[in-house]
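> Give the three-dimensional model of this entry:
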Amino acid sequence: MNSDLHVIFGTGAIGLATFDALRRRGRTVRLVNRSGKAAVPEDVEVTAGDATDPTFAARAARGAAVIYQTMNPPYQEWNAQFPALQSGVLAAAEAEGARLVSMENVYMYGRPNGRPLTEERENNAHTKKGQLRTRMAEELLAAHRAGSVEIAIGRSYSNTES
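Presented below is the predicted three-dimensional model:
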């Protein structure tokens, strides 16, 4: 894809921070969320729809060079929504031949126990959310290894456990 279009799925704190960073670099950005509304300048395209629908997700991502998955459903809805959201965005990236950047967390690593949380650490999830995030990360990495889409995963850490 020769486009410079960056498509961000999700307009929460991470999605908007990603938007700000891309705009500072002069990138063209399209935002995607359920409402089609976001606190961004009027010249920014904001598309409304449900990313669990692969047809919608592919349409929303049309023309993208890079797609960012920054969605984060409410904790109590993770099992019901998160895998389908990721699948829709992954399908869109594959359809467009776009790179996919997925924002994650470090739940899959389990308790730190005084050890640093790094990519080399084994997955040792002790919570249902951690086990879900492990499965989701494995889905992305399998697509990357298969060559169907280039994936980059960003993981963040907080001091809270759930």
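
> Please name the residues that touch residue 48.
With contact set as CB atoms under 8 Å, 6 or more residues apart in numbering, residue 48 has these partners: 32-37. Using the backbone N, CA and C atoms, a C-beta is placed for each residue, glycine as well.

> The residue sitting nearest the centre point of the chain: what's it in contact with?
Nearest to the geometric centre of the chain sits residue 69, at 1.9 Å (CA atoms, centre = their mean). Going by CB under 8 Å, 6+ apart, residue 69 touches 9-10, 85-86, 89-90, 100-103.

> In the helix or strand encompassing residue 93, which residues are buried?
Element membership for residue 93, per DSSP states H and E: helix 78-96. Using 16 or more other CB atoms under 10 Å as the test for burial, helix 78-96 gives 78, 81-82, 85-96.

> Can you name every helix or strand that it contacts?
Helix 78-96 makes packing contacts with helix 54-60, strand 64-69, strand 99-105, helix 128-146 when contacts are defined by 3 or more CB pairs under 8 Å, 6 or more residues apart in numbering; DSSP states H and E.

> make it 6 Å
Identification of packing neighbours for helix 78-96 by 3 or more CB pairs under 6 Å, 6 or more residues apart in numbering; DSSP states H and E yields helix 54-60, strand 64-69, helix 128-146.

> about what we covered before: quick check: bridge partners of the residue nearest to the centre of the chain?
residue 9, residue 102 (DSSP bridges).

> what does the helix or strand of the chain with the lowest mean pLDDT contact?
Of all helical and strand segments in the chain, the minimum by mean pLDDT, DSSP states H and E falls on strand 151-156, at a mean of 87. Taking contacts as CB atoms under 6 Å, 6 or more residues apart in numbering, the residues outside strand 151-156 that touch it are 100-106, 140, 144.

> Need the buried ones from the residues you listed selected in ChimeraX.
What follows is the ChimeraX syntax for the buried subset of the contacts of strand 151-156, where burial is set by 16+ other CB under 10 Å:
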select :100,101,102,103,104,105,106,140
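
> pretty sure residue 43 belongs to a helix, no?
No - read with DSSP: H, G, I helix; E, B strand; the rest coil, residue 43 is coil and lies in no helix.

> residues near it, how many?
5 (other CB atoms under 10 Å).

> picking up where we left off before, and the contacts of residue 48 as CSV, adding distance to residue 110 and pLDDT?
Shown next, in CSV, are these (distance: CB to CB, whole Å; pLDDT from 0 to 100):
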residue, distance to residue 110, pLDDT
32, 32, 98
33, 31, 97
34, 32, 95
35, 35, 96
36, 38, 96
37, 38, 96
